[in-house]
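**Q** Could you work out the structure for the sequence below:
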Amino acid sequence: ARLLLEVVEEVATLRDETFALAVKINSSDFQKGGFTQEEFEQVVVWLDKRNVDLIEVSGGNYEAPAMMGAAEEQMKTRTKPSSTAAREAFFLEFAVKVRKQVQNAKFMVTGGFRTAAAMEAALLANECDVIGLGRPLCVDPECPGQILSGEISELPRVEDLAMPLILRPLSYFSIGHTLTMGTQQMHCYRALIALGDGKPVPTFKALRGLLEVQRYDAKCASNLEGLENSK
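**A** Modelled structure (predicted):
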């Protein structure tokens with residue numbers, strides 16, 4: 001964590017009172033040799049002592065299968081564990097333990113919140129100060145304002161997007177889960193690309209989305225060719 005702490009300390013010396021300093025870290029990178037809970041809590045303590053304004057903890061990133069709701073047990077039962085479903089945040093129970101280590105900074109949890117009721121419950125229980133959102137913002141950037149105003153009570157669930165009927169029998173096999181997660185992932189990317197171009201979010205098209213993102217990545221890669229040699 002030395003590199004992280006040195007960067008935070010350097011940024012802190014350059015900012016003024018109008019500049020908020022926030023750090024996002026994962027509770028686990030879902031790989032062998034990743035953070036233990038004790039190590040994670042220690043990093044949080046170090047950050048908190050360095051006057052960071054906001055510490056965000058998430059259960060993983062967009063590439064991590066557990067963040068996409070496909071932990072091994074979930075693939076078998078196709079349901080969330082009861083403790084997780086109750087609060088709708090995949091890693092809130094872990095975050096509650098980390099929360100006790102945060103004395104100065106505001107504490108943000110990102111990972112699975114979908115309903116206003118669950119968000120309000122977490123805030124009222126002082127389990128976090130700020131609710132973080134990920135995938136819902138990819139497909140509807142207006143949804144935070146809508147849920148705050150009461151216009152909606154539940155955010156878009158990208159994880160509920162289904163494969164075409166002809167491919168759904170694959171869902172009973174591991175390759176089907178992988179393919180479903182991949183198409184949901186690509187839909188988020190496709191939505192971000194469209195929003196970046198000032199276009200509306202496209203409707204979910206599983207295979208078309210995969211192909212469109214692949215073509216977009218190829219185009220971006222071709223634009224970078226020869227860039228290094230031109231310097």
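**Q** what about the helices in the chain?
**A** For the chain, the helices defined by DSSP state H occupy 2-14, 37-48, 72-77, 82-87, 92-99, 116-124, 135-139, 143-149, 174-196, 206-224.
**Q** which parts of the first one are buried?
**A** Of all the residues in helix 2-14, those buried under the rule 16 or more other CB atoms under 10 Å are Val8. In short, each C-beta sits where N, CA and C put it, glycine included.
**Q** Only alpha carbons, please: show it as CSV.
**A** Presented in CSV, the C-alpha positions along helix 2-14 are these (Å, rounded to 0.1, in the frame of the first residue of the first chain):
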residue,chain,number,x,y,z
ARG,A,2,3.0,2.3,0.1
LEU,A,3,2.5,3.6,-3.4
LEU,A,4,-1.1,4.4,-2.7
LEU,A,5,-0.3,6.2,0.6
GLU,A,6,2.5,8.2,-1.0
VAL,A,7,0.2,9.4,-3.8
VAL,A,8,-2.5,10.3,-1.3
GLU,A,9,0.0,12.3,0.8
GLU,A,10,1.4,14.2,-2.2
VAL,A,11,-2.1,15.1,-3.6
ALA,A,12,-3.1,16.2,-0.1
THR,A,13,-0.2,18.7,0.0
LEU,A,14,-1.4,20.3,-3.3
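**Q** Return the distance of Gly171 relative to Thr180.
**A** Heads up, residue 171 is Ser, not Gly. 6 Å (CB to CB, to the nearest Å).
**Q** ok, the two, which is more surrounded?
**A** Thr180 (22 against 16; other CB atoms under 10 Å).
**Q** okay but that one is in contact with Met163, surely?
**A** Yes. Counting by CB atoms under 8 Å, Thr180 touches Met163, with 5.5 Å between them.
**Q** Next, show the common contact partners of those two.
**A** Listed as contacting both Thr180 and Met163 by CB atoms under 8 Å, 6 or more residues apart in numbering are Ser171.
**Q** what's the distance between the closest residue to Asn126 other than its chain neighbours and Val23?
**A** Of all residues not flanking Asn126 in the chain, Arg99 sits nearest, at 7.7 Å (CB to CB, 6 or more residues apart in numbering). For Arg99, the distance to Val23 equals 15 Å [CB to CB].
**Q** in stretch 167-175, what's buried?
**A** Quick answer for stretch 167-175 (16+ other CB under 10 Å): Ser171.
**Q** Endpoints of that stretch, how far apart?
**A** 11 Å (CA to CA, to the nearest Å).
**Q** any idea of the mean pLDDT in it?
**A** Mean pLDDT, stretch 167-175: 76.
**Q** Show me how far it is from its chain's centre.
**A** 25 Å (CA atoms, centre = their mean, to the nearest Å).
**Q** ok, and what's touching that stretch?
**A** Residues contacting stretch 167-175 (CB under 8 Å, 6+ apart): 75, 162-163, 176-177, 179-180, 206.
**Q** which phi and psi does the spatially most central residue of the chain have?
**A** Nearest residue to the geometric centre of the chain (CA atoms, centre = their mean): Gly134, 4.4 Å. Dihedral pair for Gly134: phi -130, psi -90, per degrees, to the nearest 10.
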